[in-house]
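In: sequence and predicted structure are below.
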Protein chains: 2
Amino acid sequence: MTTTGPAPQRKMRADARRNYERLLAEAATVFTEHGVEASLEEIARRAGVANGTLYSHFPTRQALLEALLRDRMRTLSNTARDLLDHPSAGEALIIWARAAMVHTMVYRGLATSLMRSIEDETSQLHAACQAVLAAGEQLLNRAQAAGTVRGDATASDLYALINAVAWAGEQTSPAQGERLLSFGIDGMRPATDS
Amino acid sequence: MTTTGPAPQRKMRADARRNYERLLAEAATVFTEHGVEASLEEIARRAGVANGTLYSHFPTRQALLEALLRDRMRTLSNTARDLLDHPSAGEALIIWARAAMVHTMVYRGLATSLMRSIEDETSQLHAACQAVLAAGEQLLNRAQAAGTVRGDATASDLYALINAVAWAGEQTSPAQGERLLSFGIDGMRPATDS
DNA sequence: GAAATATATTGAGGCAGTCTCAACTTGGCA
DNA sequence: TGCCAAGTTGAGACTGCCTCAATATATTTC
């Protein structure tokens, strides 16, 4: 499993880089097991370093999360761009929204972090979240232009919807998340004046 | 503000009852300020009792929450029953769902507790949550019979939807919660075969 | 290759929170 | 009044967060 080097700043000392990677790897498994609120001490312990080392590499939990999600979130944004070429604007939106929901469910508690980060511009995750939101907006706009989605739905609505259904999914079951997403997207259809 | 006596077990000693009420009152304000994950020590401190006293009255955070929400949740269930007489089945469902969402937003973090409690039958809140879910189910069934809501929507869907939009609302703004709720309910309409 | 230097790591310590329980009040009945 | 069941207390064991002076190590320089 070759990962793209997480590439923090250039030229780290060899031992530092080793610990950095080790910490990231352990963080991934610990977050998977216990969610994003897992003990940072446990991550350090498992990585075989003192907790101070963890804090020196990742001053906050958010910073650690950011490093862990960087690639994944970039991918999500790129996927949105690619889907702009999809023949059906409406379908493209649905496909992407589903992918975004799945992404948000990798770690328990992630939806909360991502939702908080879009509001809080001091968050290390803020930029990545904004990029995702902007990517979604493109797909949304196209679907609106195609008449598949109500004109008054906003990118914030879409972002909130995705996170809310991911949250529901992580609380109960992924299937429940999927169901709510379907309802939510359907509800964004233009009103049929019956 | 006369409240219905929270009535734990019969015949408490006078000082015990006094502390019990005091704790509940302080819990309400502290939860309002800091959400349901607020420090229990602070509640005890503010109530002017030792933390052990808090734990003796409310062995878990959930127990405290249950006592705090008991009346409110009963009311919500009753409201649903009353709304069964509403002329429009569809409107009745919407009105109730909105009320349930507002209820879920009284304390930050409550949506998470309520969502967890419906799954976890050992939770002190489980029974109250089930009652709310059952109450919603009645309204849902009527709306389905009236053809206003898809037949395949379940009470669990409704419960999850309400909690998910309340969660979104507490993360961003109540207005955002309202918007998502509208989308969700709209999406539960029977498919118009265009 | 050794000294000098910049870079990392360590872990104890201060803080806050949860929860428990043995020792101690104190309310209320006989 | 005196007794004892019921209630309260708060120190203490635990876990977690985060900091920072002391220490160790990689890399550069000569």
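Out: Now that the structure is in, tell me what you want to look at. Numbers count the residues shown, from 1 in each chain, chains lettered A, B, ... in the order given.

In: so, low pLDDT: which residues of chain A?
Out: By pLDDT under 70, the low-scoring segments of chain A are A:1-10, A:193-194.

In: and it, which residues reach DNA strand D?
Out: Chain A comes close to DNA strand D at residues A:13-15, A:39-42, A:51-52, A:55-56, A:59-61, as judged by Cβ under 7 Å from any atom of the strand. Every C-beta, even on glycine, is put in place using the N, C-alpha and C of the backbone.

In: narrow those residues to those in helices?
Out: Counting by DSSP state H, the residues of chain A next to DNA strand D place A:A14, A:D15, A:L40, A:E41, A:E42, A:N51, A:G52, A:Y55, A:S56, A:R61 in helices.

In: from those, which is closest to chain B?
Out: Closest approach between those and chain B, by Cβ to the nearest Cβ: A:R61, at 15.6 Å.

In: which of the residues of chain A next to DNA strand D are buried? Put it as a PyMOL command.
Out: If you want just the buried ones from the residues of chain A next to DNA strand D in PyMOL, going by 16 or more other Cβ atoms under 10 Å in any protein chain shown, the selection is:
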select buried, chain A and resi 40+61
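
In: residues from chain A in reach of DNA strand C?
Out: When proximity is defined as Cβ under 7 Å from any atom of the strand, chain A approaches DNA strand C at A:12-13, A:15-16, A:18-19, A:48-53, A:55-57.

In: so which of the residues you listed is the closest to DNA strand C?
Out: Nearest to DNA strand C among the residues of chain A next to DNA strand C, counting by Cβ to the nearest atom of the strand, is A:G52 at 2.0 Å.

In: quick one on the thing from earlier: just the closest of the ones in helices among the residues of chain A next to DNA strand D to A:M101, please.
Out: Nearest to A:M101 among those, counting by Cβ to Cβ, is A:R61 at 22.6 Å.

In: ok, the closest residue to the closest one other than its chain neighbours to A:S56 distance?
Out: Of all residues not flanking A:R61 in the chain, A:L40 sits nearest, at 6.6 Å (Cβ to Cβ, 6 or more residues apart in numbering or on different chains). A:L40 is 12 Å from A:S56, where distance means Cβ to Cβ, to the nearest Å.

In: equivalent analysis for A:L83, please.
Out: The spacing between A:L83 and A:S56, counted by Cβ to Cβ, is 40 Å.

In: so how far is the helix or strand containing A:Q138 off the chain centroid?
Out: Element membership for A:Q138, per DSSP states H and E: helix A:126-145. Its chain's C-alpha centre and that of helix A:126-145 lie 13 Å apart, by Cα atoms, centre = their mean, to the nearest Å.

In: and it, anywhere near chain B?
Out: No: interface with chain B: helix A:126-145 contributes nothing (Cβ under 8 Å from any Cβ of the partner chain), its closest point being 12.4 Å away.

In: name the next helix or strand following that helix along the chain.
Out: Using DSSP H and E, the first helix or strand after helix A:126-145 is helix A:155-171.

In: and the helix or strand following that following helix, what does it pack onto?
Out: Later in the chain than helix A:155-171, the nearest helix or strand by DSSP H and E is helix A:174-186. Applying 3 or more Cβ pairs under 8 Å, 6 or more residues apart in numbering or on different chains; DSSP states H and E, one finds that helix A:174-186 makes contact with helix A:89-104, helix A:155-171, helix B:155-171, helix B:174-187.

In: and the residue nearest to A:R61, what does it touch?
Out: A:N51, A:L54, A:Y55, A:R61, A:L64 (Cβ atoms under 8 Å, 6 or more residues apart in numbering or on different chains).

In: enumerate every residue touching the third one.
Out: Going by Cβ under 8 Å, 6+ apart, A:Y55 touches A:L40.

In: if we go to 10 Å?
Out: A:L40, A:A44, A:A63, A:L64 (Cβ atoms under 10 Å, 6 or more residues apart in numbering or on different chains).

In: can I get the residues you listed in CSV with secondary structure?
Out: Formatted as CSV, the contacts of A:Y55 follow (DSSP: H, G, I helix; E, B strand; the rest coil):
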residue, secondary structure
A:L40, helix
A:A44, helix
A:A63, helix
A:L64, helix
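
In: what is the nearest of those residues to A:Q176?
Out: A:L64 (28.6 Å).
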